[in-house]
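Chemist: When you get a sec, could you give me coordinates for this:
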Amino acid sequence: MALFNSQTGNPALNQKIFDSHPLVAGQSAMTFSGTINKFIFMFVMLAGASFYSWNVYSRGGNIAPLLWTGIIGGLVVAVIISLKMEWAQYLAPAYAILEGFFLGTISAALNNEFKVKAPFLVMQAVLLTFGVVLAMLALYKSGVIKVTKRYVMIVIGATAGIFVF
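Modeler: Residues are numbered from 1 along each chain as shown. So this is what the prediction gives:
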């Protein structure tokens, strides 16, 4: 299956690489329901680890080990996944748990820091984030949103704008 019609000098983008890559060669197409199932599984892993680390913080426990395990472990697993993509299916749950530790400890600390000035700030951010994810999935599934190059550029531009803000 030819992905490119033109020749390229980039060794990472030649047809031979795409034909031999284990994530492309012999794999079936990604489905919407498969994506949703994996999203739910990863979310449960992340939420469980976040809940655990939030509870450690709220009971006055030492969150430093969880925070640093999440930061360093998440970085190490992310680098491994980026270098060995065929391991991603096995390392993704570990990454979700490590990120859950990090997000839970940071969120609990920020929630405690801003409890007087902005109560429920963290919960609002979490609910808004997942509200947007669910709304976008529903719009995509219903066919309202069609992913085109123009759409991708709009999303990238909007994301960059939010980052700058």
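Chemist: Could you use CA atoms for every contact and neighbour count after this?
Modeler: Noted.
Chemist: Just give me the residue closest to the centre of the chain.
Modeler: Nearest to the centroid of the C-alpha atoms of the chain, with distances taken as CA atoms, centre = their mean, sits Ala96, at 8.2 Å.
Chemist: Next up, phi/psi of Asn55, please.
Modeler: Backbone geometry at Asn55, expressed as degrees, to the nearest 10, gives phi -60, psi -40.
Chemist: Could you do Ala118 as well?
Modeler: phi -140, psi 80.
Chemist: could you list every residue that touches it?
Modeler: In this structure, Ala118 makes contact with no residue, judged by CA atoms under 8 Å, 6 or more residues apart in numbering.
Chemist: ok, now how distant is it from Gly61?
Modeler: Applying CA to CA, to the nearest Å, the value for Ala118 to Gly61 is 24 Å.
Chemist: Quickly find the element holding the residue nearest to the centre of the chain.
Modeler: Ala96 is located in helix 88-113, with elements delineated by DSSP states H and E.
Chemist: I'd like the next helix or strand past that helix.
Modeler: Under the assignment DSSP H and E, the closest C-terminal helix or strand after helix 88-113 is helix 121-142.
Chemist: For that next one, list every residue counted as buried.
Modeler: Residues Val122 are the ones in helix 121-142 that count as buried (16 or more other CA atoms under 10 Å).
Chemist: and if you look at stretch 93-113?
Modeler: So stretch 93-113, judged by 16+ other CA under 10 Å, has buried residues 93-109, 111-112.
Chemist: Just to check, Ser53 is in contact with Phe101?
Modeler: Yes: counting by CA atoms under 8 Å, Ser53 does reach Phe101; the two are 5.7 Å apart.
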